[in-house]
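# Structure, please.
(one chain, ligands or ions: 2)
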Amino acid sequence: MKVVFENLTKKFPNRNKKAGGEVVAVDHFNFQIPDGKLVGLLGPSGCGKSTALFMICGLQKPTEGRIYFGEDDVTDIPPEHRGVGIVFQNYALYPHLTVRQNIVFPLENLKGSEKMSREAMNEKALEVAKLVQIDQLMDRKPNELSGGQQQRVAIARALVKMPKVLLLDEPLSNLDARLRLQTREEIKRIQRETRVTTIFVTHDQEEAMSISDEIVVMKEGVLQQIGAPQQVYDDPINLFVAKFLGTPPINMFDGNVVGEKLFIGEEAVLICPGVKDMAVHVGIRPEGFILDENGPFTCELSRVEVMGRDISVISTHKDAQSVSIRSIIDAMNDVDTTKAQVRFSLKPKKVLLFDRETEERVYFSIQGKSGDNYGLTDSVNSGKEDDQGNNREEVHLIHRQEAENQTEGRA
Ligand SMILES: Nc1ncnc2c1ncn2[C@@H]1O[C@H](COP(=O)(O)OP(=O)(O)O)[C@@H](O)[C@H]1O
Ligand SMILES: [Mg+2]
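Residues are numbered from 1 along each chain as shown. Ligands and ions are numbered 1, 2, ... in the order given. This is a model prediction of the structure:
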């Protein structure tokens with residue numbers, strides 16, 4: 001069942017009475033949650049995720065706009081008739097009921113033709129209990145279960161009526177780190193098996209990235225970007241999305257484009273065809289650095305951390321926006337730690353530019369093939385014509401719309 005939002009908006013009177021006015025918790029949502037997918041609704045605390053979820057299940061009424069399940073407008077349908085299952089952060093199980101009784105509970109009050117016999121209810125409960133792998137625990141009470149097991153009971157209870165849409169509001173935040181990993185794999189598996197359209201709310205980008213078919217990134221009630229996790233990571237449309245996604249986070253610098261060259265400090269570190277002269281925020285993903293003693297980008301070396309397959313090179317730069325820069329390179333590389341400086345060349349696809357004023361992405365076309373040192377060596381700094389000059393005619397600024405078209409083509 002796809003879920004469609006049309007101008008969906010929720011305003012609250014400001015809780016801070018002194019400040020007054022209104023808070024727009026969800027601001028004109030116009031997008032779709034695709035059928036049968038697991039979608040991560042992602043954003044910092046207070047950005048409106050729970051409010052969006054409550055409107056989908058009917059516990060909160062939109063100020064404006066409509067919600068459709070498939071072709072059906074459900075905006076005015078009460079929660080119990082929407083066919084949604086919801087799981088909250090705190091498992092909210094009935095402590096005095098057994099696991100079986102907790103799971104069966106939503107079936108007890110079915111009316112008319114939907115009414116089920118006790119036997120049928122127990123059978124149904126066992127079926128979903130098997131799915132979430134708690135069928136051995138049916139006679140226990142919640143306080144005899146681990147946090148992870150309790151959350152599985154909550155999921156079973158949400159699934160027992162075979163919902164059209166499953167909503168999970170930060171379902172892992174009360175679990176310890178190991179259980180969190182395990183339970184998120186579980187949720188992924190359960191979703192794969194049931195194919196029920198699932199919306200998974202979290203403020204944890206790593207969690208959303210690892211579990212979701214698509215992520216929806218929001219900020220202050222406003223949708224920022226929607227797409228496959230890797231695609232949004234590779235192609236963020238603005239500074240907020242770029243900084244919000246990624247562990248370790250993207251490295252940010254103050255930069256300037258002059259004559260289609262990107263300068264960080266005095267050094268031209270990359271050719272960026274088609275970009276007009278302007279001040280930019282430069283984001284470089286940790287995996288975007290290539291150790292290169294002739295590379296155009298010089299940083300002050302702090303230390304090296306070996307992590308098995310990879311090495312983290314920690315360095316600093318006067319134009320970095322954070323205290324240190326983290327670059328991740330293959331452990332095959334030898335970093336000369338006797339030197340005070342380390343030099344890099346950069347992978348153009350891993351360098352993201354943003355307008356210093358608007359914080360919107362500034363696109364440039366990428367020259368050179370991978371493996372040819374990306375056409376950027378010291379020649380950039382010594383002012384020579386770059387050896388790809390003959391490609392210049394094809395080079396142009398990729399506007400947002402074109403980038404979007406490309407993205408669609410890829411999907
Ligand atoms: N019932 C309410 N009354 C007033 N303000 C609310 C209410 N519920 C949420 N808000 C406000 O709406 C914004 C979004 O809240 P919420 O949806 O809970 O965010 P999230 O789930 O992303 O943390 C916040 O500013 C919050 O204070
Ligand atoms: Mg919330």
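# mind listing what Gly70 touches?
By CB atoms under 8 Å, 6 or more residues apart in numbering, the contact set of Gly70 is 1-2, 35. Placement of C-beta: from N, CA and C, glycine included.
# would you put the C-alpha positions of stretch 111-122 in PDB?
Presented in PDB, the C-alpha positions along stretch 111-122 are these (Å, rounded to 0.1, in the frame of the first residue of the first chain):
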ATOM      1  CA  LYS A 111     -16.800  -6.500  15.600                       C
ATOM      2  CA  GLY A 112     -19.300  -8.100  13.200                       C
ATOM      3  CA  SER A 113     -18.000 -10.200  10.400                       C
ATOM      4  CA  GLU A 114     -14.400  -9.600  11.600                       C
ATOM      5  CA  LYS A 115     -15.000 -11.200  14.900                       C
ATOM      6  CA  MET A 116     -12.700 -14.200  15.600                       C
ATOM      7  CA  SER A 117     -12.900 -17.300  17.700                       C
ATOM      8  CA  ARG A 118     -10.500 -17.700  20.600                       C
ATOM      9  CA  GLU A 119      -8.800 -20.600  18.700                       C
ATOM     10  CA  ALA A 120      -8.400 -18.500  15.500                       C
ATOM     11  CA  MET A 121      -7.000 -15.600  17.600                       C
ATOM     12  CA  ASN A 122      -4.400 -17.800  19.300                       C
END
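# Quick one: mean pLDDT for it?
Mean pLDDT, stretch 111-122: 89.
# just stretch 314-326 next, same as before
Stretch 314-326 comes out at a mean pLDDT of 97.
# Now tell me what touches it from outside.
248, 251-255, 264-265, 281, 284, 286, 299-305, 312-313, 327, 342.
# Can you turn the buried part of those into a ChimeraX selection?
Selection of buried members from these for ChimeraX, criterion 16 or more other CB atoms under 10 Å:
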select :251,252,253,254,255,264,265,281,284,286,299,301,302,304,312,313,327,342
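# Of the contacts of stretch 314-326, which belong to strands?
251-255, 264, 281, 284, 299-305, 312-313, 327, 342 (DSSP state E).
# In the stretch 51-200 of the chain, what residue spans correspond to strands?
In the stretch 51-200 of the chain, the segments counted as strands under DSSP state E, counting those that start in this stretch are 64-69, 72-73, 84-87, 165-169, 197-202.
# May I have the strands that pair with the second one, each with its orientation?
Looking at strand 72-73 with DSSP bridges, its paired strands and their directions are strand 64-69 (antiparallel).
# Check which residues of the partner strand are buried.
65, 67-69.
# Kindly indicate which of these lies nearest Gln151.
Looking at these and their distance to Gln151, the nearest is Phe69, at 25.3 Å (CB to CB).
# Leu166 is in contact with Val196, isn't it?
Yes: when contacts are counted by CB atoms under 8 Å, Leu166 is listed as touching Val196 (4.9 Å).
# what residues are shared contacts of these two?
With CB under 8 Å, 6+ apart as the test, Leu166 and Val196 both reach 85, 159.
# Quick one: the strands in the stretch 251-400 of the chain, in order.
251-258, 261-264, 267-271, 278-284, 289-291, 297-307, 310-316, 325-330, 341-346, 351-355, 361-362.
# near ligand 1, which residues of the protein?
When proximity is defined as CB under 6 Å from any ligand atom, the chain approaches ligand 1 at 12, 15, 23, 25, 43, 45-51.
# Can you pick out the most distant pair from those residues?
Farthest pair in the residues of the chain next to ligand 1, by CB to CB: Arg15 and Gly43, 18.8 Å.
# what about those two, which has more around it?
Between Arg15 and Gly43, counted using other CB atoms under 10 Å, Gly43 has the larger neighbour count: 26 against 7.
# would a markdown table of the strands of the stretch 51-200 of the chain with mean pLDDT be doable?
Output for the strands of the stretch 51-200 of the chain, formatted as a markdown table (pLDDT from 0 to 100):
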| stretch | mean pLDDT |
| --- | --- |
| strand 64-69 | 98 |
| strand 72-73 | 98 |
| strand 84-87 | 94 |
| strand 165-169 | 96 |
| strand 197-202 | 97 |
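# Can you list the low-confidence ranges for the stretch 51-200 of the chain?
Under the criterion pLDDT under 70, the flagged ranges of the stretch 51-200 of the chain are 91.
# Could you find the closest non-adjacent residue to Thr202?
Ala208 (5.1 Å; CB to CB, 6 or more residues apart in numbering).
# same thing with Ser312?
Nearest to Ser312 is Glu305, by CB to CB, 6+ apart, at 4.2 Å.
# ditto for Arg152
Closest to Arg152 by CB to CB, 6+ apart is Val132, at 4.3 Å.
# Isn't the one you found up against Ile155?
Yes: using CB under 8 Å, Val132 is in contact with Ile155, at 5.4 Å.
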